[in-house]
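Visitor: sequence and predicted model, in that order:
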Amino acid sequence: MAFTAKDVALLREKTGCGMMDCKKALTESDGDMEKAIEYLREKGIAAAEKKASRIAAEGIIGSYVSEDGKVAALVEVNSETDFVAKNAGFQEFVKAVAATVGKNAPADVEALGAMTIDGGDMTVTDALREKILTIGEKLTIRRFVRYEGHVVTYIHGGGTIGVMVNLDTDDATFAKQDCVLMAKDVAMQIAAMSPTFLDKASVPAEFIEKEKEILLAQAINEGKPQNIAEKMVMGRIAKYYKDICLLEQAFVKNDEINVDTFIKNTAKELGAAVSVKEFVRLEKGEGLEKREDNFAAEVAGMVK
């Protein structure tokens with residue numbers, strides 16, 4: 001079956017693949033459009049396998065919130081370069097993955113991959129492979145977090161950081177704008193100050209004991225006597241709580257109070273019980289090896 005330039009353009013429009021890839025697909029499938037699409041998807045699988053060893057530590061954090069605010073999700077999808085994070089097609093894909101998480105509550109990334117992507121007719125894994133073929137980079141769905149309750153999300157820096165705050169309150173209070181604005185302020189606090197725990201009670205005892213050992217060794221190395229060093233450690237631990245615990249941190253919009261006081265003041269104004277039940281902060285690429293490009297060597301290689 002012969003095909004025309006219009007067929008190549010149509011296939012390109014349907015798949016987002018390059019012109020030469022579309023021409024080859026139609027040639028291999030004898031001009032059959034559906035077979036050509038299938039061919040490109042199969043090639044997407046091959047492309048994904050070839051790119052598996054590459055480093056993907058860029059990308060974005062995407063979010064989903066249900067209309068009633070009772071279900072929300074954050075998902076991190078990584079790419080090789082920061083340029084891809086600005087790609088509209090990639091951003092829409094991340095939104096669809098986040099919505100799939102929010103609406104279907106997968107147990108893990110593997111289970112997510114087997115689900116039908118939100119707004120589409122293929123699995124998340126197949127949609128990912130198709131994006132790899134279209135974009136030409138290694139892409140990975142690294143992790144996600146899903147909350148149910150009274151949830152507010154905040155995305156910072158175009159997806160470099162994502163935060164979810166789950167409030168312990170009632171529906172009527174959560175429906176009030178001041179309550180949501182308070183949660184947004186708390187989310188921005190988390191994005192900026194990166195707390196590890198909610199409050200002192202959330203900090204594992206062994207975590208504090210380890211920190212005490214480190215601080216005591218530091219004080220003794222500074223030449224302080226044992227008894228003085230122990231007193232110094234207690235003071236430093238109190239300061240340490242203010243660094244790692246959200247509710248102990250100085251509120252960024254008013255450092256004369258801490259976050260706990262800010263929340264309590266807002267609850268008093270609302271005339272209802274409001275507190276933070278849990279939170280999560282995801283930062284793009286945290287803990288991943290970063291790709292280092294040697295542009296001088298790359299240009300030299302192109303010249304040769």
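Guide: Yep, that arrived.
Visitor: quick check: V186 vs A219, distance?
Guide: Using Cβ to Cβ, to the nearest Å, V186 is found at 34 Å from A219. In short, each C-beta sits where N, CA and C put it, glycine included.
Visitor: neighbour count winner among those two?
Guide: V186 (24 against 19; other Cβ atoms under 10 Å).
Visitor: residues contacting the nearest residue to that one once chain neighbours are set aside?
Guide: The shortest distance from V186 to any non-neighbouring residue, by Cβ to Cβ, 6 or more residues apart in numbering, is to V165 (5.3 Å). Shown in contact with V165 (Cβ atoms under 8 Å, 6 or more residues apart in numbering): V151, V152, T153, Y154, A183, V186, A187, I190, V276, F279.
Visitor: so where's the stretch 151-300 of the chain uncertain?
Guide: 290-300 (pLDDT under 70).
Visitor: domains in the chain, by residue range?
Guide: Taking automatic domain parsing as the reference, the chain has its domains at 5-51, 54-148.
Visitor: now tabulate these in CSV and tack on distance to E286, mean neighbour count and mean pLDDT.
Guide: Below are the domains of the chain laid out as CSV (distance: least, Cβ to Cβ, whole Å; neighbours: other Cβ atoms under 10 Å; pLDDT from 0 to 100):
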stretch, distance to E286, mean neighbour count, mean pLDDT
domain 5-51, 22, 17, 77
domain 54-148, 9, 19, 93
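Visitor: wait, which of these is closest to Q249?
Guide: Among those, the nearest to Q249 by Cβ to Cβ is domain 54-148 (21.0 Å).
Visitor: that closest one: how far from the chain's middle?
Guide: Averaging C-alpha positions (Cα atoms, centre = their mean, to the nearest Å) puts domain 54-148 9 Å from its chain's average.
Visitor: end-to-end on it?
Guide: 35 Å (Cα to Cα, to the nearest Å).
Visitor: what residues are bridge-paired with the residue nearest to V186?
Guide: Beta-bridge partners recorded for V165 (DSSP bridges): V152, F279.
Visitor: distance of it from V180?
Guide: 10 Å.
Visitor: what is in contact with these two at once?
Guide: V152.
Visitor: enumerate every residue touching the nearest residue to K277 once chain neighbours are set aside.
Guide: Leaving aside its sequence neighbours, K277 sits nearest to D168 (Cβ to Cβ, 6+ apart; 4.2 Å). Residues near D168 by Cβ under 8 Å, 6+ apart: G149, H150, A273, V274, S275, V276, K277.
Visitor: can you give me the strands in the stretch 151-300 of the chain?
Guide: Assigned by DSSP state E, counting those that start in this stretch, the strands in the stretch 151-300 of the chain fall at 161-168, 250-251, 254-258, 275-283.
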